[in-house]
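Peer 1: whatever this is, show me its structure:
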Amino acid sequence: MRSILSFARRATRRAWLMTFVLASASVAARPPAAPGPVLFEHPLALAGEGNFYVGGHYADDHGDRIMVGQMYVQYQIPAKQTHKYPLVLIHGGGQTGAGYWETPDGREGWATYFVRHGYAVYVVDQVARGRSGFFESAYGDTRRPDVAAMTQRFSRPQDTPDYPQAQRHTQWPGEGKQGDVVFDQFFASQVEDIADVSRIEDYNRAAGAALLDRIGPAVLLVHSQSGPIAWGLANDRPEKVRAIVAVEPSGPAFYGIKNVGAPDWFKDDGVRLPYGVTRTRLDYAPAVDDPAQLKPERAAQADGAGLVHCWKQAEPAHRLVELAKVPDILILGSESSYHVPYDRCTSDYLTQAGVRNAFVRLPDVGIHGNGHMMMLEKNSLDIARYLDRWIASHGD
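Peer 2: Okay, the predicted model is just below:
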């Protein structure tokens, strides 16, 4: 009897082993799967989490009654909240709030990092983006992401360097091109958005103000296209913006920049921010009824090699009286993004307009190799730690 049981056990083990080997071979033969979530040693302890909508209004559209202008907000409140003011994270163009929750290679995102470190965190999907919904007949034409453009601008600018700092880019996870599992995850997150960027600002200023009215004073963390939204919100609700962290905000002042490669590298590309740092109206003193009153004036020299000639106001400069009430503003730049040649211009413009701000480039604090999408790159949590320290010393 014992020998029969022993034989049965050996047969069962052989069958199990064969099943495992065949399954492993099958897995090995398949293309690599998308990265899954990282399992962390310590679970995330929350006092609460949820979502809601702010802003929006009813409108008639082709015989239907719809809502437009609403903003989706997802939040997490840590079990031990150690910071007085919550963080509001607003994504950039072609993005949704998903990019703050997790990186495309499955690592913890900035939102979760800050929750772990005692912040209440609110992450939005901009109006007409992601879970905020989109009605083309109401919002108008769209602009859509393109693989070639995203590769050149974000994941592999070093391959076709059309600005001087592009070759310093080293932090993108994976190969950074179509067919690489990490890039495919990133590109899957890209969405269409409103082509008229002035309308994006208008809608999100209104919805963002409604969010601040609901949750109270907060620190705004914005990126790229949402930079002007932060300036607008600070203009509209200065008493409810405790600090702004602007990660490579849209700029520079007034004129867009077109990268044209060596030897000239840059040329002006038309007025994109007529109110200096926004497309939409800001409160200046003396009052500005027409943005032409700001009288843009181009600097005779750049601040250094590989940088653009900044635009400022002709003196005496108009002052941004509401935005100047924000206690602390950080403009953060990377080492290798297409923003490197001009982000200082945005800081200088704000300074001239009476708005205190700090301009910091990551290599100046020992963080190297990053491009524009730094919250997704390999050293993203090193950057989050730096921002945590800055916010703790300025925004609390």
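Peer 1: going forward, measure contacts between C-alpha atoms and count neighbours the same way
Peer 2: Noted.
Peer 1: quick check: which ranges of the stretch 251-396 of the chain have low pLDDT?
Peer 2: Along the stretch 251-396 of the chain, the model assigns pLDDT under 70 to residues 395.
Peer 1: give the buried residues for stretch 109-119.
Peer 2: Neighbour-count burial for stretch 109-119 flags 109-116, 118-119 (criterion: 16 or more other Cα atoms under 10 Å).
Peer 1: among the residues you listed, which ones are in strands?
Peer 2: Among the buried residues of stretch 109-119, no residue falls in strands (DSSP state E).
Peer 1: pLDDT score for residue 39?
Peer 2: Looking at residue 39, its pLDDT reads 54.
Peer 1: how about the one 3 residues further on?
Peer 2: Here the pLDDT value assigned to residue 42 is 79.
Peer 1: that one - how many residues pack around it?
Peer 2: The burial count assigned to residue 42 is 7, neighbours taken as other Cα atoms under 10 Å.
Peer 1: also residue 385?
Peer 2: Residue 385 has 15 neighbouring residues, counting by other Cα under 10 Å.
Peer 1: ok, it to residue 396 distance?
Peer 2: The span separating residue 385 from residue 396 equals 16 Å under the rule Cα to Cα, to the nearest Å.
Peer 1: residue 94 now?
Peer 2: Separation of residue 94 from residue 396 (Cα to Cα) stands at 31 Å.
Peer 1: equivalent analysis for residue 381, please.
Peer 2: Between residue 381 and residue 396 the distance is 21 Å, computed by Cα to Cα.
Peer 1: so for those two, which sits in the more crowded spot?
Peer 2: When residue 381 is set against residue 396 and neighbours are counted by other Cα under 10 Å, the residue ahead is residue 381, at 18 against 15.
Peer 1: name the SS class of the more buried one, please.
Peer 2: helix (DSSP: H, G, I helix; E, B strand; the rest coil).
Peer 1: what sits against it?
Peer 2: Contacts for residue 381 were tallied using Cα atoms under 8 Å, 6 or more residues apart in numbering; they are 109-110, 113, 375.
Peer 1: show me where the stretch 201-350 of the chain has its strands.
Peer 2: In the stretch 201-350 of the chain, the strands defined using DSSP state E, counting those that start in this stretch lie at 218-223, 241-247, 254-261, 265-273, 284-285, 296-298, 311-313, 319-320, 328-333.
Peer 1: turn the ones you listed into TSV, including distance to residue 78 and mean neighbour count.
Peer 2: Shown next, in TSV, are the strands of the stretch 201-350 of the chain (distance: least, Cα to Cα, whole Å; neighbours: other Cα atoms under 10 Å):
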stretch	distance to residue 78	mean neighbour count
strand 218-223	16	24
strand 241-247	20	26
strand 254-261	40	18
strand 265-273	38	16
strand 284-285	39	16
strand 296-298	46	17
strand 311-313	43	21
strand 319-320	36	21
strand 328-333	24	22
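Peer 1: can you redo those strands as TSV with distance to residue 367?
Peer 2: What follows is the strands of the stretch 201-350 of the chain, written out as TSV (distance: least, Cα to Cα, whole Å):
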stretch	distance to residue 367
strand 218-223	18
strand 241-247	14
strand 254-261	25
strand 265-273	25
strand 284-285	36
strand 296-298	31
strand 311-313	28
strand 319-320	32
strand 328-333	11
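Peer 1: ok, which of those strands comes nearest residue 196?
Peer 2: If you check each of these against residue 196 by Cα to Cα, strand 265-273 wins as the nearest, at 11.3 Å.
Peer 1: would you confirm that residue 334 contacts residue 372?
Peer 2: Yes: Residue 334 sits in contact with residue 372 when judged by Cα atoms under 8 Å, with a separation of 6.8 Å.
Peer 1: for the residue lying closest to residue 153 once chain neighbours are set aside, give its distance to residue 85.
Peer 2: Setting aside the residues directly before and after it, residue 153 is nearest to residue 338 in space (Cα to Cα, 6 or more residues apart in numbering), at 7.2 Å. In this structure, residue 338 and residue 85 are 32 Å apart, going by Cα to Cα.
Peer 1: comparing these two, which residue is more hemmed in?
Peer 2: Higher neighbour count among residue 338 and residue 85: residue 338, with 25 against 22, using other Cα under 10 Å.
Peer 1: three-state assignment of the closest residue in space to residue 344 that isn't next to it in sequence?
Peer 2: Leaving aside its sequence neighbours, residue 344 sits nearest to residue 359 (Cα to Cα, 6+ apart; 6.8 Å). Here residue 359 is strand, with the state taken from three-state DSSP.
Peer 1: who's residue 359 bridged to?
Peer 2: Here residue 359 shows beta-bridge partners residue 331, assigned using DSSP bridges.
Peer 1: does it touch residue 342 like I think?
Peer 2: No: at 11.7 Å, residue 359 and residue 342 do not qualify as touching, with contact defined as Cα under 8 Å.
Peer 1: the two: which is more packed in?
Peer 2: Between residue 359 and residue 342, counting by other Cα under 10 Å, residue 342 is the more crowded of the two (24 against 16).
Peer 1: looking at it, that one is touching residue 252, isn't it?
Peer 2: Yes: counting by Cα under 8 Å, a contact exists between residue 342 and residue 252, whose distance comes to 5.8 Å.
Peer 1: any shared contact partners between these two?
Peer 2: residue 310.
Peer 1: residue 273 touches residue 279, doesn't it?
Peer 2: Yes: under the contact definition of Cα under 8 Å, residue 273 touches residue 279, with a separation of 4.6 Å.
Peer 1: mind listing the helices for this protein?
Peer 2: Assigned by DSSP state H, the chain shows helices spanning 2-29, 98-101, 110-116, 136-139, 147-150, 181-188, 197-215, 227-236, 343-352, 380-394.
Peer 1: can you say which of those is nearest to residue 47?
Peer 2: Taking Cα to Cα as the measure, the helices of the chain were each checked against residue 47, and helix 110-116 came out nearest at 10.6 Å.
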